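> sequence plus the predicted model coming up.
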Amino acid sequence: MNAPVTAIQKPPFDDYTAMMAHAEQWRGECIQHFAELEQIIETLLIGLKGTGKGARKIKTGEPVGSAFGQLRELTGEKGLFGAKAGALSASLGKLAPDFEWRAHLTHGMLKVWEGRGAKWLLTFAHRPVGGETIRMHAQTWAEACDMRDRLAKAVQVVRAQAGSLRAAETLA
């Protein structure tokens, strides 16, 4: 009864701690992609405003959601730059569902859950500004990684298309 009890050596990181670190790194990478996208959008809006074509209608320095929506409108079929920016408009349209995640990534509370078969789930809780209800979203780790990869590719595509539109407008 008085025999010494040996302490079980716990590894320095358990699965949860390691997964939480991966999730935070993933979150940082996604936020970085969104930051790059925001910079591309704002720079393009400033450039388009400088062309004089509908300059009064183009607002710069807007919150990111408004700027994203404005660029989608300007490059849409009936927008001021729709004739030259169909591909950019389509790319922004594909990004719209992922763009909803931006607020959750930057302002939401991230939790990691281990499900059946060691499948990890990321959940976000976020209360929009002025909102009364908390919005909850969940993704599997595989879905989260797919989203990050889509964002990285989309930023490259939007950067190239924005450059093409800027060049076309400068030459016009």
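On my side now, so go ahead. Residues are numbered from 1 along each chain as shown.

> tell me where the model's unsure across this protein.
1-13, 55, 171-172 (pLDDT under 70).

> all strands for it, in order.
109-114, 120-126, 135-140 (DSSP state E).

> for those strands, which one sits closest to residue 52?
strand 120-126 (39.7 Å; Cβ to Cβ). Quick note: C-beta positions are derived from backbone N, CA and C, even for glycine.

> tell me the strands beside that closest one, with direction?
Here strand 120-126 is paired, per DSSP bridges, with strand 109-114 (antiparallel), strand 135-140 (antiparallel).

> buried residues in the last one?
For strand 135-140, a neighbour-count test (16 or more other Cβ atoms under 10 Å) marks residue 139 as buried.

> mind listing residues that contact it?
101, 104, 108, 119-128, 147 (Cβ atoms under 8 Å, 6 or more residues apart in numbering).

> still on that earlier bit, I'd like the strands of the chain as a markdown table, with distance to residue 89 appended.
As requested, the strands of the chain are arranged in a markdown table below (distance: least, Cβ to Cβ, whole Å):
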| stretch | distance to residue 89 |
| --- | --- |
| strand 109-114 | 32 |
| strand 120-126 | 28 |
| strand 135-140 | 26 |
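
> nearest to residue 167, out of the ones you listed?
Here strand 135-140 is closest among these (Cβ to Cβ), at 37.1 Å.

> can I get the closest one in PDB, CA atoms only?
This file holds the C-alpha atoms of strand 135-140, laid out as PDB (Å, rounded to 0.1, in the frame of the first residue of the first chain):
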ATOM      1  CA  ARG A 135     -23.400  32.500 -36.100                       C
ATOM      2  CA  MET A 136     -21.800  29.100 -36.000                       C
ATOM      3  CA  HIS A 137     -19.900  27.300 -38.800                       C
ATOM      4  CA  ALA A 138     -18.100  24.000 -38.900                       C
ATOM      5  CA  GLN A 139     -15.700  22.400 -41.300                       C
ATOM      6  CA  THR A 140     -13.800  19.200 -41.400                       C
END
